[in-house]
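> Provided below are the primary sequence and the corresponding predicted coordinates.
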Amino acid sequence: MFSEKFNKIIIVFNLFLIESEYKISEVCCQIKLMKKLNILFAFFVCVISQAQTISGTVISKDYNQPVPYAKIGIVNNNFGVQADENGKFQIKLDDISRDKELMVAVAGYKQFRSSVEDFVKTNPHNIYLYEKVTNIQEVVMTPKNYKDKNLGVNSKSKSIMFTPNMEKGNSVVEETAVEFSSNKKLKITKINMNFSRFESTTPIKVRYTIYDEKDGKPNNLILSKDIIATINKDDLDDFTYSLDVINEKIWLEGKFFVGIQFIGQSNGKVALSGALFRSGYYRSFYGNWEKIGMAAPAINIDVKVQK
């Protein structure tokens with residue numbers, strides 16, 4: 001009697017073990033399946049993420065060298081990115097219409113333009129810039145024919161300030177320009193910026209641009225090469241930084257614009273002086289230029305002008 005009960009208990013216990021092993025095995029299978037699904041999901045997320053971000057390099061086709069700090073953007077749009085010092089960039093174009101034009105404009109090179117659709121299809125996504133050849137006839141200047149003059153905004157105000165967009169984490173590239181006009185031929189010898197504040201433990205980089213005029217606003221780049229200066233606080237003289245460009249052969253006449261663009265990001269606090277009741281111009285990337293009617297940044301130039 002006891003043996004029969006004991007055998008029944010053993011049978012039930014064995015059935016319990018079999019059922020438990022089955023459930024444990026089922027749970028293990030479910031865990032393995034979940035792990036595989038998670039890995040597969042992570043893989044698809046990675047692929048999608050990579051598909052959304054386009055990487056490339058801006059390269060000088062003539063010299064096979066990277067073009068540093070080029071702006072890659074959309075024509076008449078405030079969207080874009082800036083290449084690093086090695087010409088490398090990453091850009092996301094998912095939200096940009098495929099019929100829009102991608103643009104890169106660097107002084108000394110022909111403009112690069114491509115529809116977003118065509119650019120996305122290319123692989124690799126390198127941008128090649130072709131040198132723009134300009135023949136500038138140097139003029140022999142004598143004291144009898146030319147005189148020294150300073151033009152532009154020469155304010156040294158500490159209360160009216162223009163603060164560049166250099167905060168870390170902010171990727172928007174902004175450009176500011178001031179209008180000039182001369183009814184006589186002139187040569188720019190220096191480009192000056194008056195700072196109201198310069199508190200930075202690291203050097204800052206500034207790109208200088210010069211444009212011709214169309215419809216009262218900056219139009220095409222007219223410099224024969226890209227000009228970028230690295231500025232330390234020790235380079236300032238009474239809070240003014242002067243860039244010597246006498247050897248750049250910048251000859252102008254009529255209306256033109258001199259612009260600046262602060263490159264990169266910094267935790268420093270930097271600001272230009274400004275002047276009321278003067279007009280400045282502003283844009284982000286290759287967006288439309290907007291006129292600032294109330295004040296202008298302290299950008300001025302030293303020139304040799306015909307008497």
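Happy to help now that I have it.
> for the rest of this, base every contact and every neighbour count on C-alpha atoms.
Fine.
> scan the protein for its longest strand.
As assigned by DSSP state E, the longest strand anywhere in the chain is strand 174-199.
> pLDDT on the helix or strand just after that one, on average?
Note on strand 174-199: by DSSP states H and E, the next helix or strand toward the C-terminus is strand 204-214. Mean per-residue pLDDT for strand 204-214: 97.
> related to what we said a few turns ago, which parts of the longest strand of the chain are buried?
Counting neighbours by 16 or more other CA atoms under 10 Å, one finds that the buried residues in strand 174-199 are 174-180, 186-198.
> residue 217 contacts residue 283, doesn't it?
No: using CA atoms under 8 Å, residue 217 makes no contact with residue 283, being 11.1 Å away.
> overlap in contacts, these two.
Listed as contacting both residue 217 and residue 283 by CA atoms under 8 Å, 6 or more residues apart in numbering are residue 289.
> so those two - more neighbours on which side?
residue 217 (21 against 18; other CA atoms under 10 Å).
> let me know the pLDDT of that one.
97.
> then residue 266?
Looking at residue 266, its pLDDT stands at 76.
> what about the closest residue to residue 258 other than its chain neighbours, how many neighbours?
Once flanking residues are discounted, residue 258 sits nearest to residue 210: 4.6 Å by CA to CA, 6 or more residues apart in numbering. As a burial measure, residue 210 scores 22 neighbours (other CA under 10 Å).
> ok, now residue 98?
Residue 98 has 15 neighbours, counted by other CA under 10 Å.
> wait, what's in contact with it?
The neighbourhood of residue 98, defined by CA under 8 Å, 6+ apart, consists of 115-117.
> and what of residue 75?
100-103, 286-287.
> nearest to residue 58, of those residues?
residue 103 (11.6 Å; CA to CA).
> and that closest one, how far from residue 173?
Residue 103 sits 14 Å away from residue 173, going by CA to CA, to the nearest Å.
> likewise residue 71?
8 Å.
> now do the shared contacts for the two.
By CA under 8 Å, 6+ apart, residue 71 and residue 173 have these common neighbours: 81-82, 285.
> reformat those residues as JSON lines; add neighbour count and pLDDT.
Listed next are these as JSON lines, based on neighbours: other CA atoms under 10 Å; pLDDT from 0 to 100:
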{"residue": "81", "neighbour count": "20", "pLDDT": "95"}
{"residue": "82", "neighbour count": "23", "pLDDT": "95"}
{"residue": "285", "neighbour count": "25", "pLDDT": "95"}
